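J.: 3D model of this:
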Amino acid sequence: MAKKLSPPEVMRNLAIGYWVARLVHVAAKLKLADLLKKGPRTVEDLATAAGVQPQALYRILRALASVGVFAETKNQRFKLTPLAATLQTGVPASMHAWALMINDNWGWDAWKELLHGAKTGEMPFIKAHGVPLFEYFEKHTEDLQVFGESMTSISVTENPAIAAAYKFSGIRTLVDVGGGHGSLLATILKANSKLKGVLYDQPSVIARAEKDQHVTAKGIKERCRLESGNFFEAVPRGGDAYIMKYILHDWNDEKCVKILSNCRASMNEKGKVLVVDNVIAPGNDPSWGKLLDIQMLIIGGRERTKKEFAAMFAAAGLKLTRVVPTKGPLSIVEGVRA
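T.: Below is the predicted model of the structure:
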């Protein structure tokens, strides 16, 4: 039976959380999970395959095994665990790209400026890199690619939950605003055979989406139109509903109101907006959304409460009608014309 930790011991472990995060990052960088997918291997064998020193690798794997990521068997051999298996590439719900992205140096450099941001109000990411996140990505395309892959990987479990939680049957045309490569829209279209969709994003994103399997799949491409543009300026007209997943949390209230106002101006008379984000609940229970909110603080966005969503909707001439939970951490915030 595990010993119950005292408050100082718990705080000690919380304070070294970044140790584990960096260990996971190194494991992802070296693709150790891929190297173990066929079965246990010795440290010497793994070190040769990964191009690292055996003694250092043993200590890294031993530390990861102590938190359930990999397991040591005998004679310095290691095997996959269910947690370690999520770091494999090319498997459903892979966390490989997420582990690379969330712990990469560009993100860590921004987190170092959190205290500066708290004192000054300056965006930590700008303090670290001189430009906002999406401008940074314009010049660092490799980081952008990993970011995109990480968003796709977490969508594998999130998107089916969204499609199942909301009744899209009364909607004829669904516009996915900032929909990336179209994984969410394709999932919803697959579950609703009479629904038509419009995938809307920046020209460079749509150019990649045109070659992506999500919106080019048989049964989807016939019902899906791709359009490019800037959602701060306009969105495609004539939609019955405008869905935005992980979009509004990237921006401050003023910019969000602009996006929502553009949706209101373009949607049909009885149209809806569907904002898919974390909705922060009151209380002190463990919350993925409250932690993610600090990541958004770093880059200039925020997660919001129901009350904050309602106020933002009102500023855009909309009325919040309901919040639909999904089986995952996200909720669907529905709004109509006020």
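J.: CA atoms for contacts and neighbours, from now on please.
T.: OK.
J.: please parse the chain into its domains.
T.: As assigned by automatic domain parsing, the chain contains the domains 7-89, 140-337.
J.: now those as a markdown table including distance to Ala97?
T.: Shown next, in a markdown table, are the domains of the chain (distance: least, Cα to Cα, whole Å):
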| stretch | distance to Ala97 |
| --- | --- |
| domain 7-89 | 8 |
| domain 140-337 | 5 |
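J.: which of the ones you listed sits closest to Ala128?
T.: domain 140-337 (10.0 Å; Cα to Cα).
J.: returning to that earlier point: make a markdown table from the domains of the chain and add mean neighbour count to it.
T.: Listed next are the domains of the chain as a markdown table, based on neighbours: other Cα atoms under 10 Å:
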| stretch | mean neighbour count |
| --- | --- |
| domain 7-89 | 16 |
| domain 140-337 | 19 |
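J.: in JSON lines, list the ones you listed along with mean pLDDT.
T.: Shown next, in JSON lines, are the domains of the chain (pLDDT from 0 to 100):
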{"stretch": "domain 7-89", "mean pLDDT": "97"}
{"stretch": "domain 140-337", "mean pLDDT": "94"}
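J.: which among those is found nearest to Phe125?
T.: Per Cα to Cα, nearest to Phe125 of those: domain 140-337, 5.4 Å.
J.: only the buried residues of the helix or strand hosting Met101, if you could.
T.: Using DSSP states H and E, Met101 sits in helix 96-102. For helix 96-102, the neighbour count (16 or more other Cα atoms under 10 Å) marks His96, Ala97, Trp98, Ala99, Leu100, Met101, Ile102 as buried.
J.: what residues of stretch 117-131 count as buried?
T.: Buried residues in stretch 117-131, counted by 16+ other Cα under 10 Å: Gly117, Glu122, Met123, Pro124, Phe125, Ile126, Lys127, Ala128.
J.: leaving aside the residues adjacent along the chain, what's closest to the last one?
T.: Meaning Ala128. Take Ala128 and drop its neighbours on the chain: the residue closest to it by Cα to Cα, 6 or more residues apart in numbering is Ala110, 5.2 Å away.
J.: now do the contacts for that neighbour.
T.: When contacts are counted by Cα atoms under 8 Å, 6 or more residues apart in numbering, Ala110 touches Pro124, Phe125, Ile126, Lys127, Ala128, His129, Ile298.
J.: mind doing that once more with 10 Å?
T.: For Ala110, the contact set (Cα atoms under 10 Å, 6 or more residues apart in numbering) comprises Gly117, Met123, Pro124, Phe125, Ile126, Lys127, Ala128, His129, Leu133, Gln295, Ile298, Ile299.
J.: now distance to Ser66 and secondary structure too, for those, in a markdown table please.
T.: Below are those laid out as a markdown table (distance: Cα to Cα, whole Å; DSSP: H, G, I helix; E, B strand; the rest coil):
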| residue | distance to Ser66 | secondary structure |
| --- | --- | --- |
| Gly117 | 35 | helix |
| Met123 | 36 | coil |
| Pro124 | 33 | helix |
| Phe125 | 33 | helix |
| Ile126 | 37 | helix |
| Lys127 | 36 | helix |
| Ala128 | 33 | helix |
| His129 | 35 | helix |
| Leu133 | 35 | helix |
| Gln295 | 27 | helix |
| Ile298 | 31 | helix |
| Ile299 | 33 | helix |
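J.: return the member of those nearest to Ala164.
T.: Nearest to Ala164, judged by Cα to Cα, of the contacts of Ala110 is Gln295 at 27.9 Å.
J.: the closest one reaches Met123, doesn't it?
T.: No: using Cα atoms under 10 Å, Gln295 makes no contact with Met123, being 11.1 Å away.
J.: kindly provide the distance from Ser228 to Gly121.
T.: Ser228 is 33 Å from Gly121, where distance means Cα to Cα, to the nearest Å.
J.: for Ile126, which non-adjacent residue is spatially closest?
T.: Closest to Ile126 by Cα to Cα, 6+ apart is Pro132, at 5.4 Å.
J.: how many neighbours does the one you found have?
T.: Pro132: 17 surrounding residues under other Cα atoms under 10 Å.
J.: now do the helices in the stretch 151-300 of the chain.
T.: Applying DSSP state H, counting those that start in this stretch to the stretch 151-300 of the chain gives helices spanning 183-191, 203-209, 213-216, 253-266, 288-299.
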